[in-house]
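Novice: curious how this folds, go ahead:
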Amino acid sequence: MALLDEDRIFPTDPAVRDIARALYNDVRDLPIISPHGHTDPRWFAENAAFPDPAQLFVTPDHYIFRMLHSQGVSLDALGVPRADGTATEQDPRKIWQLFAQNYYLFRGTPSRLWVDHALQEVFGVTQPLSADTADDIYDQIDGQLKQDAFRPRALFEKFNIEAISTTESALDDLRWHKMLNDSGWGGKVVTAYRPDAVIDPEFDGFATNIEKLGDITGEDATSWSGYLAAHHNRRAFFKNYGATSTDHGHPTARTEDLTPDVAAALFDKALRGKCTPDEADAFRGHMLTEMARMSVEDGLVMQIHPGSFRNHSAGVFAQFGRDKGFDIPTRTDYVHALKPLLDAVGGARDLTIILFTLDETSYARELAPLAGAYPALRLGPPWWFHDSVEGMHRFREATTETAGFYNTVGFNDDTRAFCSIPARHDVARRVDCSYLATLVATGRLTKREAPEVAYDLSYRLAKDAYRL
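Specialist: Prediction:
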């Protein structure tokens, strides 16, 4: 018995489904370009076996544990580590059983598609996950994880990943990337520069982080000129380990282009912890423009991921820390927010800024028209809460008529859940082929053009946009 329908996601009209299926068959086995995500580089550096099914599927995946938590399952019971080191559930079989008996909660969600795909295509599971089958499936996966063929590097090759980017803080020493570079393994795993900890005055320990930035760069990072020099230094360091991009997760898309004296005064206030919330947002906004200018110089692609109210639950944040399922989408303005940055560098043809959103209402109204006009701008794929079949369809319908296909950047999976990577790319390819099939069936795209577009959306656009 198969867990997956071979024609899942395709249109229901038989003629259009045939077109979608033919397009998909041409791209289904293309290599995966995974240009932005949060897999742990240590996995690939050490190539140690994954410990157990629970730590592979449940404990690290906020898509999984946020849904379970919403139904009253405690994060402690799922083995999610506490911020203070207090013990949580350590028995992986108990965690897996709890996940399995509540797996029905994921019906109709993208997580169900991803997990079923991983169970069937990676581990050969053919029976649906439930309380009754939990032990058998656990034993099947656990036994395979002990084999060399299921270590991280072997799975990387099995998944046909051509290149993957992890994401590290500006303060990271990149030790695992160094180990990877020295290992002689041929898999392409690069880093990405994430400077939020040394750009956001509201980030925990901001002043201490700036001191660390100065220590590791040899710059006086507490002076405005030294601070900018330290960023140049770190960006170059990250490029030495393969970085082709930066990543910025800000509460808003606000940008500013302040004069050096105003920026320096604001930076001084930030170091002293004296910024108002608006001043902190202004400083973050100015630093986006500074980062864009640096990208013009060093060629790093810039990604902006705005619009998330991070750590919405004060209680969960206090007990478990960041990234525990309580980041919630907010309304986001782009037209006014990005104007200072775009006035400064928006016409630069050697700059690529990839915009993401959690506010779908902005696609047709703001993002597609902006990307359809400014040479520097590209649209990132549906992200986070909208990384779903419906979200991807809405994205294409809302953006294609104004931005076209070629002001977008294909797909990236943006995940910590390693085994979901091929599943996520498979969903994206099926959705895009379905959309293209509809265009062909309605006379808006020719049968000759559609395979080329499918190839570009599945592979080429991501590779080119991220310079991989």
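Novice: next, give phi and psi for the residue nearest to the spatial centre of the chain.
Specialist: Geometric centre of the chain, nearest residue: Asp414, 2.1 Å, by C-alpha atoms, centre = their mean. When quoted as degrees, to the nearest 10, the phi and psi of Asp414 stand at phi 50, psi 50.
Novice: residue contacts, it?
Specialist: His36, Gly37, His38, Trp383, Trp384, Asp387 (C-beta atoms under 8 Å, 6 or more residues apart in numbering). To be clear about C-beta, it is placed using only N, CA and C from the backbone, and glycine gets the same treatment.
Novice: from Phe267, how far off is it?
Specialist: 30 Å (C-beta to C-beta, to the nearest Å).
Novice: tell me the domain ranges of this protein?
Specialist: 14-48+151-465, 49-148 (automatic domain parsing).
Novice: name the helices or strands packed onto the host helix or strand of Gly285?
Specialist: Following DSSP states H and E, one finds Gly285 within helix 277-298. Counting contacts by 3 or more C-beta pairs under 8 Å, 6 or more residues apart in numbering; DSSP states H and E, helix 277-298 packs against helix 224-240, strand 245-248, helix 260-271, strand 301-304, helix 339-345.
Novice: okay, the ones you listed in CSV with mean pLDDT next?
Specialist: Formatted as CSV, the helices and strands packed on helix 277-298 follow (pLDDT from 0 to 100):
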stretch, mean pLDDT
helix 224-240, 98
strand 245-248, 98
helix 260-271, 98
strand 301-304, 98
helix 339-345, 97
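Novice: one step back: need the domains of the chain in a markdown table (columns: distance to Leu4).
Specialist: As requested, the domains of the chain are exported to a markdown table (distance: least, C-beta to C-beta, whole Å):
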| stretch | distance to Leu4 |
| --- | --- |
| domain 14-48+151-465 | 9 |
| domain 49-148 | 6 |
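Novice: and of those domains, who's closest to Ala2?
Specialist: For the domains of the chain, proximity to Ala2 was assessed by C-beta to C-beta; domain 49-148 is nearest, at 6.6 Å.
Novice: did I read that right, Arg82 in a strand?
Specialist: No - read with DSSP: H, G, I helix; E, B strand; the rest coil, Arg82 is coil and lies in no strand.
Novice: report pLDDT for it.
Specialist: The confidence metric pLDDT takes the value 93 at Arg82.
Novice: how about Gly315?
Specialist: So Gly315 comes in at 89 (pLDDT).
Novice: if we can go back for a sec, which one, of the helices and strands packed on helix 277-298, ends up nearest to Gly85?
Specialist: Using C-beta to C-beta, the nearest of the helices and strands packed on helix 277-298 to Gly85 is strand 245-248, at 28.2 Å.
Novice: elements contacting that closest one?
Specialist: strand 193-194, helix 277-298, strand 301-304.
Novice: so for Glu157, which of those sits nearest?
Specialist: Taking the helices and strands packed on strand 245-248 one by one with C-beta to C-beta, strand 301-304 is closest: 25.7 Å.
Novice: dump that closest one to CSV, keeping only the CA atoms.
Specialist: Only the C-alpha atoms of strand 301-304 are listed here, as CSV (Å, rounded to 0.1, in the frame of the first residue of the first chain):
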residue,chain,number,x,y,z
VAL,A,301,22.9,38.1,-2.7
MET,A,302,20.7,39.7,-0.1
GLN,A,303,17.6,38.0,1.3
ILE,A,304,15.0,39.9,3.4
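Novice: can you give the contact residues for it?
Specialist: Contacts of strand 301-304 (C-beta under 8 Å, 6+ apart): 36, 192, 244-248, 250, 253, 288, 291-292, 295, 351-356, 380, 465-467.
Novice: that's a strand at Thr86, yeah?
Specialist: No - Thr86: not assigned to a strand; according to three-state DSSP it is coil.
Novice: which residues of the stretch 101-250 of the chain score low on pLDDT?
Specialist: For the stretch 101-250 of the chain, no stretch has pLDDT under 70.
Novice: what distance do you get for Arg416 to Ala423?
Specialist: 14 Å.
Novice: what of Arg444?
Specialist: In terms of C-beta to C-beta, Arg444 sits 29 Å off from Ala423.
Novice: the two: who's more crowded?
Specialist: The neighbour count for Arg444 versus Ala423, taken as other C-beta atoms under 10 Å, is higher for Ala423 (26 against 12).
Novice: so which strand or helix has the residue nearest to that one when sequence neighbours are not counted?
Specialist: Spatial nearest neighbour of Ala423, chain neighbours left out: His117 (3.5 Å); criterion: C-beta to C-beta, 6 or more residues apart in numbering. For His117, the host element (DSSP H and E) is helix 110-117.
Novice: which strands and helices sit next to the next helix or strand after that helix?
Specialist: Using DSSP H and E, the helix or strand that follows helix 110-117 in sequence is helix 134-145. Judged by 3+ C-beta pairs under 8 Å, 6+ apart, the packing partners of helix 134-145 are helix 53-57, helix 92-101.
Novice: give the other helices and strands that the last one contacts.
Specialist: When you say that, I think you mean helix 92-101. Here helix 92-101 touches helix 53-57, helix 62-70, helix 134-145, going by 3+ C-beta pairs under 8 Å, 6+ apart.
Novice: by contact count, what packs against the second one?
Specialist: With contacts defined as 3+ C-beta pairs under 8 Å, 6+ apart, the packing partners of helix 62-70 are helix 92-101, helix 110-117.
Novice: what helices or strands is the shortest one leaning on?
Specialist: Yep, that's helix 110-117 we're talking about. helix 62-70, helix 421-441.
Novice: one more time with 6 Å
Specialist: Applying 3 or more C-beta pairs under 6 Å, 6 or more residues apart in numbering; DSSP states H and E, one finds that helix 110-117 contacts helix 421-441.
Novice: just to revisit the earlier point, the helix holding His117 to helix 62-70, inter-axis angle?
Specialist: 120 degrees (axes from the mean of the first three to the mean of the last three C-alpha atoms, to 10 degrees).
Novice: off-centre distance for helix 110-117?
Specialist: Put simply, helix 110-117 sits 17 Å off its chain's centre (C-alpha atoms, centre = their mean, to the nearest Å).
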